[in-house]
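*Asks:* everything below, folded, please.
(2 chains, ligands or ions: 1)
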Amino acid sequence: MSSIQEKQQVLIDDFDFLEEWMDKYSHIIEMGKSMATLSEDEKEEDLLVKGCQSKVWLKAEKNGDHVIFKADADAIIAKGIVAMLIDVFSDQPAKEVAQADLDFLDKMGLKDHLSPTRANGLMSMITQMKYYALVFAG
Amino acid sequence: MAYNVQDIRAQFPILNQKIHGHPLVYLDNAATSQKPLVVINAISDYYLNYNANVHRGVHTLSQRATDGMESVREQVRAHINAKEAAEIIFTRGITDSINTIAFGLSSIVSKGQNVVITEMEHHSNIVPWQMLCERTGAELRYFPVNAHGELVVDQIDTIIDKDTAVVSFNHISNALGTINPVQLLLKKAQSVGAWTLVDGAQSGPHAMVDVQEWDVDFFTLSSHKMYGPTGLGILYGKRERLEALPPYQGGGEMIATVTMKESSYAGIPHKFEAGTPHIEGIIGFGAALTFVNELGIENIAAHESELLAYAVEQCSSIEGFRIIGDSLNKASVLSFVVDGTHSYDLGVLLDQQGVAIRTGQHCTQPIMDAFCVSGTARASFALYNTKEEIDLFKAALVKAVNMLK
Ligand SMILES: Cc1ncc(COP(=O)(O)O)c(C=O)c1O
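*Replies:* Have a look, this model is predicted:
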């Protein structure tokens, strides 16, 4: 099991390797397509992340001291972005998720690239993840 | 005069730029249009040469600013063929215009009466009426829309009845592009004595309107959708209707006399223009109107129809491409979904290729619900768009769809 930091580095490297933003988007889309999704029943209203332009559902479960995230979204780019976050933060110790540094987003250039509304959506997803982690970490 | 789109584009320097390395293709004109140099220059000229507050000073600059503003009022009057310039009120936009009227009708509309709008209204022509109905207990009715995005006019006699106090609807839908049968609706509304309002947000840049021919009580336009500055709306109202309404906001400019105890209001239009108006916006809008009228609205509309037809023809071959609102009577709006993709993703990937479109609900949630879509992608055309741009749009769309499917 790689640590949060190692996972973040993989993402940064993958993104670095792709020069064109269209290719980066393709990569995000592929991550979105391959992510395990939620069933229709699981998509409850109160799992919706506030502040996203498209619908994003985020679910967290506790597994020992680890936190497991599952998510879905109606738009594929949002789904890819949440898939990326899940890749980094899911099945990691809740405490570490709560304290994790977020500068990988800057290093990926993602935050700069997104429009302010979309960047807000991204930050809402992360805030929500950290919030769950914080609760689980007790 | 031949319509030379390249000459016209030279008036819009903003169009000449790259976005993410691609030439900008601006197809979000229904949200707001770009501004020609003549508008930008008119605003600069105002600030460089005659900025002053209006209707207040005896000094020369104030006089010039006042003259500039009042000549635009006259220009707007002529443009929509109102009887007198005093029937033209400068507002902050259509949203502000409609709120002004809906507020004004608070003590005129009462419980037991109804207010009729349509399912295809912009939120700015829904929410003020919901608020009015909440205040008065009146019922809010929606004119339904069929699968082509047209009003179901054969239900007109059950929807508009003897208790209808207000009928308010858009001339052209921003979400679908449908051109509504204005005169049919107005005639029916007038026959039951209802107050009438037409939202001209989308028709302003594409169609000539004669308010006297329509015999409509209120008509409203938005400067920023007509190549003019943002933050300015036009509210036309028949004199007797405007005089019957109380002012919406109190303050300077709108009073005749103010004592510590009470004030008496100025006559129209000033009664509805509290505070310092958007002088630069008004001056800029005057330049925009001149620009549009020199090109000729009919010529502009013909150019845009051609673009719309071309875009429809080009895009129809894309698998899963579905037009939302395919009425035969449409203006320059192509609202669509591509099955298996989300409009939001299309918007992001088109933007990456330099193409600006609108995605989502277009502030028209009820009509999106009626079509059972969470939103659409919308390309909307203006006087400066070209067929080459539509080719770029189509190529970008195909690429996006291939990535998403
Ligand atoms: C049909 C319609 N009505 C009203 C509005 C709101 O106009 P304004 O921006 O002037 O308030 C819009 C703008 O999107 C519109 O398209």
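*Asks:* all helices of the chain, in order?
*Replies:* Chain wasn't specified; assuming chain A. A:4-17, A:21-34, A:76-89, A:94-99, A:103-108, A:110-113, A:116-137 (DSSP state H).
*Asks:* you answered for a different chain; I wanted chain B.
*Replies:* Under DSSP H, chain B gives helices at B:5-10, B:37-45, B:60-80, B:94-104, B:127-136, B:156-159, B:182-191, B:211-214, B:239-244, B:279-295, B:297-315, B:343-352, B:365-370, B:387-404.
*Asks:* looking at these, which is closest to B:Ile117?
*Replies:* helix B:127-136 (5.8 Å; CB to CB). C-betas here are computed from N, CA, C, even on glycine.
*Asks:* near the ligand, which residues of the stretch 51-200 of chain B?
*Replies:* Listed as neighbours of the ligand in the stretch 51-200 of chain B under the rule CB under 6 Å from any ligand atom: B:Gly93, B:Ile94, B:Thr95, B:His122, B:Ser124, B:Asn125, B:Asn170, B:Asn174, B:Asp199.
*Asks:* rewinding a little: pick the most deeply packed of the helices of chain A.
*Replies:* helix A:76-89 (a mean of 24; mean count of other CB atoms under 10 Å in any protein chain shown).
*Asks:* show me how far that helix is from its chain's centre.
*Replies:* The chain centroid and the centroid of helix A:76-89 are separated by 4 Å under CA atoms, centre = their mean, to the nearest Å.
*Asks:* and what of stretch B:285-294?
*Replies:* That offset, for stretch B:285-294, works out to 16 Å (CA atoms, centre = their mean).
*Asks:* ok, stretch B:33-46 next?
*Replies:* With CA atoms, centre = their mean, you get 20 Å for stretch B:33-46.
*Asks:* what does it contact?
*Replies:* B:11-15, B:26, B:65, B:68, B:205, B:224-229, B:279-280, B:283-288, B:290-291, B:382, B:384 (CB atoms under 8 Å, 6 or more residues apart in numbering or on different chains).
*Asks:* can you check stretch A:51-62 too?
*Replies:* A:38, A:42-44, A:47-49, A:67-75, A:78-79, A:82, A:94, A:117-118, A:120-121, A:123-125, A:128-129, A:132-133, A:136, B:342, B:344, B:360, B:374.
*Asks:* which parts of chain A sit against chain B?
*Replies:* Within chain A, the positions lying close to chain B (CB under 8 Å from any CB of the partner chain) are A:21-22, A:25-26, A:29, A:53-55, A:74-78, A:118.
*Asks:* again, 10 Å this time
*Replies:* A:20-26, A:28-30, A:32-33, A:52-55, A:73-80, A:113-115, A:118 (CB under 10 Å from any CB of the partner chain).
*Asks:* grab the most central residue of chain A for me.
*Replies:* Taking CA atoms, centre = their mean, the centroid of chain A lies closest to A:Leu85, which sits 2.2 Å from it.
*Asks:* what sits closest to that one if chain neighbours are left out?
*Replies:* A:Met125 (5.9 Å; CB to CB, 6 or more residues apart in numbering or on different chains).
*Asks:* walk me through the domains of chain B.
*Replies:* Following automatic domain parsing, chain B resolves into domains at B:5-30+B:296-404, B:40-293.
*Asks:* just how off-centre is the longest one within its chain?
*Replies:* What that stands for is domain B:40-293. Distance, centroid of domain B:40-293 to centroid of chain: 10 Å (CA atoms, centre = their mean).
*Asks:* average pLDDT across that domain?
*Replies:* Mean per-residue pLDDT for domain B:40-293: 96.
*Asks:* ok, stretch A:61-78 next?
*Replies:* On average, stretch A:61-78 scores 94.
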